[in-house]
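Trainee: generate coordinates for the sequence data below:
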Amino acid sequence: MRYHDVVIRTTLSIPGPLLERLRVAAAERRVSMAELVREAIEEKLAAHRPKPRCLGIGASGLRDTARAAADERPEPRPWR
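Mentor: Below is the predicted model:
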């Protein structure tokens, strides 16, 4: 992160044991806790793949839709 990038402060609620692990890891790597948190968030978001928005568009909510459609299928018409 460059010094002139815009940084917005925020507050996180972190359980005590996790905060202690964060302190230790930051000290071992000789970086700030904020830097370590930013890296972790970047890695997590880079691995995130959102569910495609098109899935479920035609969901009827019924489990036997294909079977019911096969039972009601009309005889095919001749193409000529």
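Trainee: so which strand or helix has P76?
Mentor: P76 is part of no helix or strand when elements are defined by DSSP states H and E.
Trainee: tell me how many other residues crowd it.
Mentor: 6 (other CB atoms under 10 Å). The way it works is simple: take the backbone N, C-alpha and C, and place the C-beta from them, glycine included.
Trainee: same deal with the one 3 residues further on?
Mentor: Here the number of neighbours of W79 (other CB under 10 Å) works out to 4.
Trainee: so which helix or strand takes in it?
Mentor: Judged by DSSP H and E, W79 forms part of no helix or strand.
Trainee: E43 now?
Mentor: helix 33-47.
Trainee: repeat for K51
Mentor: For K51, there is no enclosing helix or strand under DSSP H and E.
Trainee: how many neighbours does it have?
Mentor: K51: 7 neighbours (other CB under 10 Å).
Trainee: what of A25?
Mentor: Residues near A25, counting by other CB under 10 Å, number 13.
Trainee: could you say which helix or strand holds it?
Mentor: helix 16-29.
Trainee: packing partners of that helix?
Mentor: helix 33-47 (3 or more CB pairs under 8 Å, 6 or more residues apart in numbering; DSSP states H and E).
Trainee: which other residues reach the helix it packs on?
Mentor: 1, 12, 22-23, 25-26, 29 (CB atoms under 8 Å, 6 or more residues apart in numbering).
Trainee: now those residues: which count as buried?
Mentor: With neighbours counted by 16 or more other CB atoms under 10 Å, the contacts of helix 33-47 contain buried members at 22, 26.
Trainee: and the contacts of helix 33-47, which is the shakiest by pLDDT?
Mentor: Across the contacts of helix 33-47, no position has a lower pLDDT than M1, which has 60.
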